[in-house]
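**Student:** what's the 3D shape of this:
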Amino acid sequence: MLLSAVLTINIAHAQQKQKRSTPVEVAIAEQKMISTTSTVDGRVVVGAGVRVVAPKSGQIVFEPLKIGEMVQKGDVIARMEVTDLTKTLQDLRLKDKQKKRQMENNRLRIDSESRRLAILIKQADLIADRLDRIETLTQNQVTTQTSLGEANIRYFEKQQQIVQVENSISILQQDREVMAIDLETLQLEIADIQRQISEAEIVAPIDGQIISLADFSIGYSRVGDTLVTLQRDDDYEIEADIPLGWMAYLRDVQTIAYENHLGVMQTARLRVELPQENPRSRTRLVRFEIPDVLDENLRAVGASLALMVPTSIPEDQITVPSDALVPLRGGYIVFVIEDGKAIQRQVITGGILDGRVIIKDGVKAEEQVVIKGNELLSNGQAVQVIGQD
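**Tutor:** Numbers count the residues shown, from 1 in each chain. Take a look at the predicted model:
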């Protein structure tokens, strides 16, 4: 009976102890080849922008736009005054119509003269046959020389008429060639005026934000004058002054992490080293491109962020998730799981990479570190790892 009571007390004690265990989530401390990093202040910069210029000199009427507004490719920004162009187009179209009518009349005259020529040739053939018979009769003294002479005269008159009609057709055909050239010239002029009228609608060539705008709503602009400057939504970069001693490591890795205003880690990729060096700070001006979408709150010239720049060659490093670190007296501690308990360790950090913190001292590879539920833990406190029996 005494043994039964002791067993009951031990079981109750174990159950009570189990109830006091704090549930936590853990992650594994990883070891891999990485560089240590240091924070360098960076700033957001933008490209030169896309200028929209006046396609020709003339009066410009702007749409009701304001600086800072977003526009989409194809949106109408302004229109050019086209009254004179419209009047010119009407005049050219009238000339085009008249020229086509002239060409049609020319065609009808050529057809008429061609039919007339065919008749004259038939008549000439008949006269030639009759002339041959009269010549035979004259030789046989059946008819007189007078009749032969009259027949010759009729034959030559008909030949003269044929020549005149052939000349008339030739002149009409030459006129038609000239009219065809004139008509082609007119149609080219019409096409050019139509193009100018279509270009009178000045549209946005890209999706973007208006960062500069002409200082008038209606006014005169010369060809090539800048009307609007647009900034692409993806034309942002990060600029920073990198210490010369770290440049070799940066060139090695190319891609680094940066922390946005919400503390979220994102990546930036080295694009170019600009030929500008600060002799006092011994830094080189560098620009990074942003593969991910830049946070909306950072889309401003001069917006600041923190770059994690490598400061050493890659070497074996221990890393833990940033959530494992708990601030304490100007430093950081990490809770490591040992025999079902959370053991507090003071750690020395060496930078951040891809959301993980480099641990120079205090944690070993493959150890379990608490990443959730660690805010209220105390050293040696019993814990229950979520997902583990």
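**Student:** any weak-confidence spans in the protein?
**Tutor:** 1-20, 263, 354, 389 (pLDDT under 70).
**Student:** which residue would you name as the spatial centre of it?
**Tutor:** Of all residues in the chain, the one closest to the mean position by C-alpha atoms, centre = their mean is I206, 6.2 Å from it.
**Student:** how near is it to I352?
**Tutor:** 36 Å (C-beta to C-beta, to the nearest Å). Where C-beta positions appear, they are placed from N, C-alpha and C, glycine not excepted.
**Student:** in terms of contact, does the residue nearest to the centre of the chain touch Q231 like I think?
**Tutor:** No - when contacts are counted by C-beta atoms under 8 Å, I206 is not listed as touching Q231 (9.2 Å).
**Student:** hey, what's in contact with both of those two?
**Tutor:** By C-beta atoms under 8 Å, 6 or more residues apart in numbering, I206 and Q231 have these common neighbours: V50.
**Student:** tell me the phi and psi of L250?
**Tutor:** Listed backbone geometry of L250 is phi -70, psi -40, with angles given as degrees, to the nearest 10.
**Student:** residues touching it, list them.
**Tutor:** 242, 256, 270, 286, 309-310.
**Student:** same question for G68.
**Tutor:** Contacts of G68 (C-beta under 8 Å, 6+ apart): 209-211.
**Student:** tell me which of those residues fall in strands.
**Tutor:** Judged by DSSP state E, those include 209-211 as members of strands.
**Student:** which residue lies farthest from the center of the protein?
**Tutor:** Q141 (100.5 Å).
**Student:** helix/strand/coil for that one?
**Tutor:** coil (DSSP: H, G, I helix; E, B strand; the rest coil).
**Student:** what's the distance between it and L148?
**Tutor:** Counting by C-beta to C-beta - Q141 and L148 are separated by 12 Å.
**Student:** now swap in L117 and tell me
**Tutor:** In this structure, L117 and L148 are 27 Å apart, going by C-beta to C-beta.
**Student:** how distant is whichever strand or helix holds E184 from the center of its chain?
**Tutor:** Secondary structure from DSSP states H and E places E184 in helix 145-198. Put simply, helix 145-198 sits 57 Å off its chain's centre (C-alpha atoms, centre = their mean, to the nearest Å).
**Student:** how's this protein carved up into domains?
**Tutor:** Residue ranges for the domains of the chain, per automatic domain parsing: 22-46+235-385, 50-81+200-232, 83-198.
**Student:** buried ones in stretch 193-200?
**Tutor:** 193, 196, 200 (16 or more other C-beta atoms under 10 Å).
**Student:** same check on stretch 185-194?
**Tutor:** Quick answer for stretch 185-194 (16+ other C-beta under 10 Å): 186, 189-190, 193.
**Student:** do the same with stretch 325-343
**Tutor:** 325-326, 332-337, 342-343.
**Student:** show me which of those is closest to R299.
**Tutor:** L325 (30.1 Å; C-beta to C-beta).
**Student:** what sits closest to the closest one if chain neighbours are left out?
**Tutor:** With C-beta to C-beta, 6 or more residues apart in numbering as the criterion, L325 has its nearest non-adjacent residue at 4.4 Å, and that residue is Y332.
**Student:** list the contacts for that neighbour?
**Tutor:** 325-326, 346-347, 349.
**Student:** make a markdown table from these and add secondary structure and distance to Q381 to it.
**Tutor:** As requested, the contacts of Y332 are arranged in a markdown table below (DSSP: H, G, I helix; E, B strand; the rest coil; distance: C-beta to C-beta, whole Å):
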| residue | secondary structure | distance to Q381 |
| --- | --- | --- |
| L325 | coil | 18 |
| V326 | strand | 13 |
| Q346 | strand | 17 |
| V347 | strand | 18 |
| T349 | strand | 23 |
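**Student:** was I right to think L307 contacts Q266?
**Tutor:** No - under the criterion of C-beta under 8 Å, L307 is not in contact with Q266, lying 10.6 Å apart.
**Student:** which residues do the two both contact?
**Tutor:** Common neighbours of L307 and Q266 (C-beta under 8 Å, 6+ apart) are 257-258.
**Student:** follow-up on the earlier one: can I get the buried residues of stretch 193-200 in a markdown table including distance to P314?
**Tutor:** Converted to a markdown table, those look like this (distance: C-beta to C-beta, whole Å):
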| residue | distance to P314 |
| --- | --- |
| I193 | 66 |
| Q196 | 62 |
| A200 | 60 |
